[in-house]
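Student: Sequence first, predicted model second:
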Amino acid sequence: MRKFSRSAPLLATMAFALAACDKPLDLDMRGAFGNAPSTAEAARNATAPRPQPDARGIISYPGYQVAVAERGDTVGSLARRIGADPGEIARFNGVQTGDPLRKGEIIALPGRVAEPLGGPIQSPSGVDIGSIADGAIRRADSQTVTATALPPATPGTAPAPAQVGAEPVRHKVERGETAFSIARLYNVSIRSLADWNGLGPDFAVREGQFLLIPVALPGEKTEPFDEADVVAVTPPGAGTPTPTPPSASKPLPDEVTTPKAAPVEKIAAPDLGKTETKTTTARMAFPVKGDIIREYAKGRNDGIDISAAPGAPVVAADAGTVAAITEDTNGIPIIVVKHAGSLLTVYSNVEGLTVKKGDSVTRGQKLAEIRRTGTPALHFEVRDGFDSVDPMGFLGG
């Protein structure tokens, strides 16, 4: 049985950004975000520079390829330079073949063209981390771009060394999203996002555009806000602390009152606790009915995998708000639901979504269905603040 790959590169950053907010979710940097981050704070997140493309402008990863536009390029001229169909490239990116491109702008390829001489950029560990969403299956028959052969190497020329680096998340822009909200979602600076994708000075993005999410430098830890800022924020439902009244410095005198009637004799109420049937309700319900085929193991599997029949309904484990809906590199949806406090639940390897970002959902409400292709199982995570936790500590009937 094929195991799900870890989804930490995507899901941990999403949970980090979403769990930091104790107020109604505001993913636009122009709005309020509790007492915490601003654009300057987000700029503290250190990211690596974007890899250099080959002579044609291709950056190649195991999971996908992108093309980098040159000065004066249009979608059509770029496609012809890399040996791909201009119409196919335009449709995949939601543009026209004659649209002009900025220097350095990223164009996603719906399939693979000829690899660079050094091959695709590989993970330092030697593991293909292109499949960042759990259970996603890469198929060769999805390649729809016509490939062209590279010129033969010059005799006596050593082959180009293989490039090494982490494969970034490729995000497809949805309606209503901005570069600022996407930077906030993945906890990266707006400047790094712009540099990696060749955005203009206004940071404008379009619906259907693919963006590469900058990769953090090795050993760096993102700090979107100071811990002291969170202390002053009260959790939802806790209310505002009551100010100290002026009379606290000098208590009022004791008031002597005379009862107008004799006290009523108190009759002890019967103890119903001995006959009461005690029931408990779990914090969350199982999102799908099935057997657990892979248990939680912190650092190796940040959630659990639950087998289910293809097309089986996937429901919300608890009431909350759909905080984000994104896709892995193969276009398979990933749903994130924010619950009371700092809890988040993550559902991946699904299809047939019945909700959209911003929707309020109730416990047990249908979110999607188990995919009808690939491994019929749901990858489910629970995150408390910044950390993944064992979902079995929350799940019940």
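Tutor: Done, it's in.

Student: what stretches of the stretch 1-150 of the chain score poorly on pLDDT?
Tutor: Scanning the stretch 1-150 of the chain for pLDDT under 70 picks out 1-46, 123-150.

Student: Tell me where it has helices.
Tutor: Along the stretch 1-150 of the chain, counting by DSSP state H, counting those that start in this stretch, helices occupy 8-19, 39-42, 75-82, 86-93.

Student: which residues does the nearest residue to residue 343 once chain neighbours are set aside bridge with?
Tutor: Spatial nearest neighbour of residue 343, excluding adjacent residues (Cβ to Cβ, 6 or more residues apart in numbering): residue 384 at 5.8 Å. For the C-beta atoms, the positions are set from N, CA and C on the backbone; glycine is no exception. Beta-bridge partners for residue 384, by DSSP bridges, are residue 343, residue 387.

Student: just residue 122 next, same as before
Tutor: Under DSSP bridges, the beta-bridge partners of residue 122 are residue 164.

Student: Please report the distance of it from residue 294.
Tutor: Going from residue 122 to residue 294 by Cβ to Cβ, to the nearest Å gives 26 Å.

Student: again with residue 98
Tutor: Residue 98 sits 49 Å away from residue 294, going by Cβ to Cβ.

Student: Could you do residue 174 as well?
Tutor: In this view, residue 174 and residue 294 are 30 Å apart by Cβ to Cβ.

Student: Against which helices or strands is the helix or strand that contains residue 378 packed?
Tutor: Take DSSP states H and E as the rule and residue 378 turns out to sit in strand 377-384. Judged by 3 or more Cβ pairs under 8 Å, 6 or more residues apart in numbering; DSSP states H and E, the packing partners of strand 377-384 are helix 8-19, strand 304-307, strand 343-348, strand 387-389.

Student: pretty sure residue 182 is touching residue 193, no?
Tutor: Yes. Counting by Cβ atoms under 8 Å, residue 182 touches residue 193, with 6.7 Å between them.

Student: which neighbours do those two share?
Tutor: The contact sets of residue 182 and residue 193 overlap at 211, 213 (Cβ atoms under 8 Å, 6 or more residues apart in numbering).

Student: list the contacts for residue 214?
Tutor: Neighbours of residue 214 in contact, by Cβ under 8 Å, 6+ apart: 47-48, 50, 168, 188-189, 192-193, 195-196.

Student: Mind doing that once more with 7 Å?
Tutor: Listed by Cβ atoms under 7 Å, 6 or more residues apart in numbering, the contact set of residue 214 reads 47, 168, 188, 192-193, 196.

Student: what about it, helix or strand, and which?
Tutor: Residue 214 belongs to no helix or strand when assigned by DSSP H and E.

Student: In terms of pLDDT, where does it sit?
Tutor: On pLDDT, residue 214 comes in at 91.

Student: Please apply the same query to residue 308.
Tutor: 92.

Student: Settle it for me: which of residue 98 and residue 294 has more neighbours?
Tutor: residue 294 (18 against 11; other Cβ atoms under 10 Å).

Student: With adjacent residues omitted, what lies nearest to the more buried one?
Tutor: Closest residue to residue 294 apart from its sequence neighbours, by Cβ to Cβ, 6+ apart: residue 305 at 3.9 Å.
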